[in-house]
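Participant: please work out how this folds:
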Amino acid sequence: MAATPGQPATATPRRKAGRHRGEGQWAVGHFTPLNGNEQFKKDDDGLNVRTRIETIYSKRGFDSIDPNDLRGRMRWWGLYTQRRPGIDGGKTAILEPEELDDEHFMLRVRIDGGRLTTEQLRVIGEISQEFARGTADITDRQNVQYHWIRIEDVPEIWERLEAVGLSTTEACGDTPRVILGSPVAGIAEDEIIDGTPAIDEIQRRIVGNKAFSNLPRKFKSAISGSPLLDVAHEINDIAFVGVDHPEHGPGFDLWVGGGLSTNPKIGVRLGAWVPLEEVPDVYEGVISIFRDYGYRRLRTRARLKFLVADWGAEKFRQVLEDEYLRRPLTDGPAPEQPVQRWRDHVGVHRQQDGRFYVGFAPRVGRVDGATLTKIAEVAEAHGSGRVRTTAEQKMIVLDVEESQVESLVSGLESLDLRVTPSPFRRGTMACTGIEFCKLAIVETKARGASLIDELERRIPEFDEPITININGCPNACARIQVADIGLKGQLVLDENGDQVEGFQVHLGGALGLEAGFGRKVRGLKVTSAELPDYVERVLKRFQAEREDGERFAAWVARASEEALS
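Facilitator: Numbers count the residues shown, from 1 in each chain. Alright, predicted model coming up:
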């Protein structure tokens, strides 16, 4: 069993906190809040704000919201204020929060494992149309995000979501966020092990539990038994990756301490094999370490990756075993490298039961409520009652009879949802960007959609897997450091010396196959207007210079700076 909040599960006497404040770790006695975020969490648990939303704020309106609730605790229920329209990227880091805040909210629907019924998808779509001006983006963490939400409508939205088994609980905030899961868990022919029971049990124990609702910062999780490594396990705080132990059979390899943002780190293996039934206990132990030993003094060092980097894998595993699990873990093998580049399950694939699942690609995760309801209708018309979201901003329809596949594909394609997309449609992701995000500096979604169109027109013969990830700021929500071409939004100077929207370029990052971060070429920045020209140029150089079977990332590693410019 894990410790109670603030108390590591150990009989060793705690040494007293001295005058040095250290890193604000609870486990060594530093309980005094060292910044405003820690103070408002100590003053009142974020989960408690729901009552105020339902009984006060939704009735009295936006101006009645306490600032610590508005920019803090409301995140515990999936709510962020969105960017006020008309504020350009140059003012992002200059204006005060109240100047950036619009009186509307982003609301994130939590979808653990990406699992949805068609009834749930229809409700998501209806809410979008009625309360969110049609917005409903699919994120790279399998969630759906609304915009333009009014505080007055939040209680009814919750009621409708919860009536079909959905939630926004701890979709944001310093909490255990959504658990990524293989979108084809339990159905894929090549699956090593189905992690769904573990996801369900972790949700039951952890989500909404006040023992884990005050973490140093967010806690990102992933569980997948797919050999495609389809949940970006390398960049989560904790990840369980399917492996086949030579003695014990199928189970999970344990990873901790991954994350991106401005200080990216690939997660580390603890060398431990975890059977399915023990995954929730191990998850609880790791999140308890983060709660108790995580750094709370500086927000910039409050992610688990910094603790893991300081401790190392051996000490982290020892503390997990000795203080939290109270037993040793079993040593185990590393996961095998995936045999293919694409991890998004797009296309038509046979299930274990002989039926088929069909994965399809919107443009950079941008859909709308009307499209989501139509997807539900198309799926049901072809015999399916289940759909999935992926960690690559894609969707999947499950349980399709062979006789229905062709008609289903036609129905999806009529909605501009490609089952056989170009590499550019398939491989381009984008974060929310300046349209709604208060941290963003540049526009992303429309830029990504137009880039896809331009590349399809200019290089129609290009058929290699390629990932192009577009981010509106340095925080890497769209995983720029691990893309073939990662684009970090910033203001740059154009040919006339004027400051315009543009991108710093990262090249040759990867997950799965030789995971690592992209290369930054000295001074390589492009304006948004120049972006199609630049990407076309570098991809054509890759085509001209690549060796037989060489991946883009491998070519980048050996290419000259001139070839990459």
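
Participant: sec struct for the residue nearest the centre of the chain, please.
Facilitator: The centroid of the chain falls nearest to R141 when counting by Cα atoms, centre = their mean (3.2 Å). Assigned by DSSP: H, G, I helix; E, B strand; the rest coil, the conformation of R141 is coil.

Participant: which residues does the closest residue to T168 other than its chain neighbours contact?
Facilitator: For T168, ignoring the flanking residues on the chain, the nearest one in space by Cβ to Cβ, 6 or more residues apart in numbering is G78 at 3.2 Å. Using the backbone N, CA and C atoms, a C-beta is placed for each residue, glycine as well. Contacts for G78 (Cβ atoms under 8 Å, 6 or more residues apart in numbering) come out as L107, R108, V109, R110, T168, T169, E170, A171, C172.

Participant: how about 10 Å then?
Facilitator: 105-110, 143, 145-146, 149, 154, 157-158, 161, 167-173, 178 (Cβ atoms under 10 Å, 6 or more residues apart in numbering).

Participant: would you mind measuring the gap between the ends of stretch 321-338?
Facilitator: Stretch 321-338 has an end-to-end distance of 30 Å (Cα to Cα, to the nearest Å).

Participant: mind listing what's buried in it?
Facilitator: Applying a neighbour-count criterion of 16 or more other Cβ atoms under 10 Å, one finds E321, E323, Y324, L325, L329, G332, P335, P338 buried in stretch 321-338.

Participant: these two touch, right, the fourth one and L270?
Facilitator: No: L325 is not in contact with L270 according to Cβ atoms under 10 Å; the separation is 11.8 Å.

Participant: so who does the closest residue to F436 other than its chain neighbours touch?
Facilitator: Spatially, and ignoring its direct neighbours in sequence, F436 is nearest to Q82 (4.4 Å; Cβ to Cβ, 6+ apart). Contacts here follow Cβ under 10 Å, 6+ apart; on that basis Q82 touches 100-107, 135, 146-149, 432, 435-438.

Participant: return the subset of these lying in helices.
Facilitator: Mapping the contacts of Q82 onto helices (DSSP state H) picks out L100.

Participant: which PyMOL command selects the buried ones in the contacts of Q82?
Facilitator: Selection of the buried residues among the contacts of Q82 in PyMOL, burial being defined by 16+ other Cβ under 10 Å:
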select buried, resi 100+101+102+104+105+106+107+135+146+147+148+149+432+435+436+437+438
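
Participant: out of the contacts of Q82, which sit inside strands?
Facilitator: Among the contacts of Q82, the members falling in strands (DSSP state E) are D101, D102, E103, H104, F105, M106, L107, T135, Y146, H147, W148, I149.

Participant: any idea how far the fourth one lies from S450?
Facilitator: Between H104 and S450 the distance is 26 Å, computed by Cβ to Cβ, to the nearest Å.

Participant: cool, S167 as well?
Facilitator: From S167 to S450 the distance is 35 Å (Cβ to Cβ).

Participant: between those two, which one's more packed in?
Facilitator: Using other Cβ atoms under 10 Å as the criterion, S167 and S450 rank with S167 on top: 19 against 14.

Participant: contact partners for that one?
Facilitator: W77, G78, V109, R110, I111, D112, W158, L161, V178, Q203, V207, G208 are the contacts of S167 under Cβ under 10 Å, 6+ apart.

Participant: what is the nearest of these to G472?
Facilitator: G78 (20.0 Å; Cβ to Cβ).

Participant: now do the SS call for E321.
Facilitator: Here E321 takes the helix state, with states given by three-state DSSP.

Participant: show me the contacts for R350.
Facilitator: R350 touches I187, A188, E189, D190, F356, Y357, E402, counting by Cβ under 10 Å, 6+ apart.

Participant: where does it land on pLDDT?
Facilitator: What the model reports as pLDDT for R350 is 98.

Participant: also V339?
Facilitator: At V339, the pLDDT value in this model is 81.

Participant: check which helix or strand covers it.
Facilitator: Assigned by DSSP states H and E, V339 belongs to no helix or strand.

Participant: how many other residues sit next to it?
Facilitator: Count around V339 with other Cβ under 10 Å applied: 9.

Participant: relative to Y293, how far out is it?
Facilitator: Taken as Cβ to Cβ, the span from V339 to Y293 is 38 Å.

Participant: ok, R301 next?
Facilitator: Separation of R301 from Y293 (Cβ to Cβ): 13 Å.

Participant: same deal with W158?
Facilitator: Counting by Cβ to Cβ, the gap from W158 to Y293 is 34 Å.

Participant: same question, D498
Facilitator: Relative to Y293, D498 is positioned 49 Å away (Cβ to Cβ).

Participant: which one's more surrounded, these two?
Facilitator: Applying other Cβ under 10 Å to D498 and Y293 shows that Y293 carries more neighbours, namely 22 against 9.

Participant: now for the closest residue to E152 other than its chain neighbours: which residues touch it?
Facilitator: Of all residues not flanking E152 in the chain, S58 sits nearest, at 5.3 Å (Cβ to Cβ, 6+ apart). Listed by Cβ under 10 Å, 6+ apart, the contact set of S58 reads R52, S64, I65, R150, I151, E152, D153, V154, P155, E156, W158.

Participant: buried only: go through the residues you listed for me.
Facilitator: Buried members of the contacts of S58, counted by 16+ other Cβ under 10 Å: R52, I65, I151, D153, V154, P155, W158.

Participant: can you add pLDDT and secondary structure and give the residues you listed back as JSON lines?
Facilitator: Shown next, in JSON lines, are the buried ones among the contacts of S58 (pLDDT from 0 to 100; DSSP: H, G, I helix; E, B strand; the rest coil):
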{"residue": "R52", "pLDDT": "98", "secondary structure": "helix"}
{"residue": "I65", "pLDDT": "98", "secondary structure": "coil"}
{"residue": "I151", "pLDDT": "98", "secondary structure": "helix"}
{"residue": "D153", "pLDDT": "98", "secondary structure": "helix"}
{"residue": "V154", "pLDDT": "98", "secondary structure": "helix"}
{"residue": "P155", "pLDDT": "98", "secondary structure": "helix"}
{"residue": "W158", "pLDDT": "98", "secondary structure": "helix"}
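
Participant: about what we covered before: and of the contacts of S167, the nearest to V274?
Facilitator: Checking these against V274 with Cβ to Cβ, the nearest one is Q203 at 17.7 Å.

Participant: so the closest one: helix, strand or coil?
Facilitator: Classification of Q203 by three-state DSSP places it in helix.

Participant: what do you get for R388?
Facilitator: Of the three states, R388 takes strand under three-state DSSP.

Participant: mind checking which helix or strand the spatially closest residue to it that is not a sequence neighbour is in?
Facilitator: Spatial nearest neighbour of R388, chain neighbours left out: P183 (3.6 Å); criterion: Cβ to Cβ, 6+ apart. Under DSSP H and E, no helix or strand contains P183.

Participant: need the overlap of contacts for L325 and L270.
Facilitator: Listed as contacting both L325 and L270 by Cβ under 10 Å, 6+ apart are V282, V286, R317.
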